[in-house]
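>>> Take this sequence and fold it.
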Amino acid sequence: MVVNVMCNNKRVHSVIGYIEPKDKLQGKDTQIFKERDQKLEAARDARKQTWLEKRNSIESLKTPTISNNDNQLTLPTQFSISS
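Numbering: from 1, shown residues only. Next up is the predicted model:
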């Protein structure tokens, strides 16, 4: 009976952090985890930047306001008082 010994070396396992067993045995796991952490951090930064850009674009679409000198009253500019 012939057994394919290599099949478990190419398949990632959850027990060892979703890396290939051969990488774990060769000591590459630390480098792989470090690279993953860097990619995750870059993805978090990109999502944060996108979120901030969208929030700023929404803020710029809001109705501008006017206020009195004491900044106690804020009214939308679309309303005006005519005499």
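
>>> burial count for residue 21?
Residue 21 is flanked by 15 other residues according to other Cβ atoms under 10 Å. Where you see a C-beta, it was placed from the backbone N, CA and C, and this is true even at glycine.

>>> low pLDDT regions in this protein?
For the chain, the stretches flagged by pLDDT under 70 are 1-8, 63-83.

>>> Apply 50 and report the result again.
Counting by pLDDT under 50, the chain contains low-confidence ranges at 1, 3.

>>> Where is the longest helix in it?
helix 29-61 (DSSP state H).

>>> buried residues in it?
By neighbour count with 16 or more other Cβ atoms under 10 Å, helix 29-61 contains no buried residues.

>>> Can you classify residue 27 by secondary structure?
coil (DSSP: H, G, I helix; E, B strand; the rest coil).

>>> Next, the contact list for the residue lying closest to residue 11 once chain neighbours are set aside, please.
Once flanking residues are discounted, residue 11 sits nearest to residue 20: 7.0 Å by Cβ to Cβ, 6 or more residues apart in numbering. By Cβ atoms under 8 Å, 6 or more residues apart in numbering, the residues touching residue 20 are 9-12.
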